[in-house]
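In: Okay, here's the prediction I keep looking at, along with the sequence it came from:
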Amino acid sequence: MEENEPLVSVDRIKKVYSTGQRTVAALRGVSLEVFPGEFVALMGPSGCGKSTLLHLIGGMDRPTHGRVIVGGTVLETLSEAALAQFRRRQVGFVFQFFNLLPTLTVLENAALPLMLDGVSDHDAHASALALLNRVGLQARAFHFPAELSGGEMQRVAVARAVVSTPALILADEPTGSLDSDNGRQVMTLLRDLNHELGLTILLATHDDEAAHCARRVIRMRDGMIEQESLNVAVR
């Protein structure tokens, strides 16, 4: 993929959910591009479609209409098995409620994407330990999630998202379950990783302070893009 080509290309996607005789249009023909190394925030109220858009880009769901291309791969052409492999290798996910496995240690949680992809325990743990050191949690490597604060759990989730060096990080309301101080720490961490490692990050948030870390802000309403702007304070 050429540097001037988008890493993510979304072309007129629609997503309609049906429940019995009722249908809900979560997305109504959204198009956007995200380029390598960008930090982009999707903003809008609950129900505006930003989380649905992340799920489609991450291959966790399929659009009703339209096309999603990530890293040159047209997601609609992938089988379910190939889509699972795409998610493991190409996308790192950071969720609002952490999604750590309670029976695994911090180190095992951070190493999990590599282990699921067949990397040896030794190599997976070494890579995970390096990331835990980067996020300030090396000393907690052999603790369990229940022994951590919310902010610490989210930093573990960030390490897990980054450990396989994916092309894209999708962060869905990563500060939504945190107090303001911990939320600020997590967003600073994501911003620093974007700068230091050149990670491409697509963030969904309703929090103006979180969105301030992004270079580009896309505002959504009622399943459509309403406005787009650059944050000139971010370089």
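Out: Structure received.

In: does the residue nearest the centre of the chain sit in a helix or strand, and which one?
Out: Central residue of the chain (Cα atoms, centre = their mean): residue 170, 1.3 Å from the mean position. In this assignment (DSSP states H and E), residue 170 forms part of strand 168-172.

In: Direction included, what does that strand pair against?
Out: strand 91-94 (parallel), strand 200-205 (parallel) (DSSP bridges).

In: Need the winner for burial among those.
Out: strand 200-205 (a mean of 26; mean count of other Cβ atoms under 10 Å). Glycine gets a C-beta too; all of them are placed from N, C-alpha and C.

In: immediately after that strand, which helix or strand?
Out: helix 208-211.

In: Against which helices or strands is that next one packed?
Out: The contact analysis (3 or more Cβ pairs under 8 Å, 6 or more residues apart in numbering; DSSP states H and E) places helix 208-211 against strand 39-43, helix 180-197, strand 200-205.

In: Would you agree the residue nearest to the centre of the chain is in contact with residue 95?
Out: No. Contact criterion Cβ atoms under 8 Å: residue 170 and residue 95 do not qualify, at 9.1 Å.

In: count of neighbours near the closest residue in space to residue 42 that isn't next to it in sequence?
Out: In this structure, residue 42 finds its nearest non-sequential neighbour in residue 50, 4.1 Å apart by Cβ to Cβ, 6 or more residues apart in numbering. Neighbourhood size, residue 50 [other Cβ atoms under 10 Å]: 29.

In: Could you report the pLDDT at residue 50?
Out: Here, the pLDDT recorded for residue 50 equals 94.

In: Do I have it right that it meets residue 40?
Out: No. Residue 50 is beyond contact range of residue 40, at 11.1 Å (criterion: Cβ under 8 Å).

In: quick one on the thing from earlier: who are the neighbours in contact with the residue nearest to residue 42?
Out: 42-44, 204-205, 220 (Cβ atoms under 8 Å, 6 or more residues apart in numbering).

In: so can I have TSV of those showing pLDDT?
Out: Putting the contacts of residue 50 into TSV (pLDDT from 0 to 100) gives the following:
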residue	pLDDT
42	96
43	95
44	91
204	95
205	94
220	95
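
In: do you know which of the helices and strands packed on helix 208-211 lies nearest residue 59?
Out: strand 200-205 (13.2 Å; Cβ to Cβ).

In: Out of the helices and strands packed on helix 208-211, indicate the one that is most buried.
Out: Across the helices and strands packed on helix 208-211, averaging neighbours per residue (mean count of other Cβ under 10 Å) puts strand 200-205 on top, at a mean of 26.

In: now what about that strand, what contacts it?
Out: For strand 200-205, with Cβ under 8 Å, 6+ apart as the criterion, the contacting residues are 7-8, 34-43, 50-51, 53-54, 57, 167-176, 190, 193-194, 210-211, 213-214.
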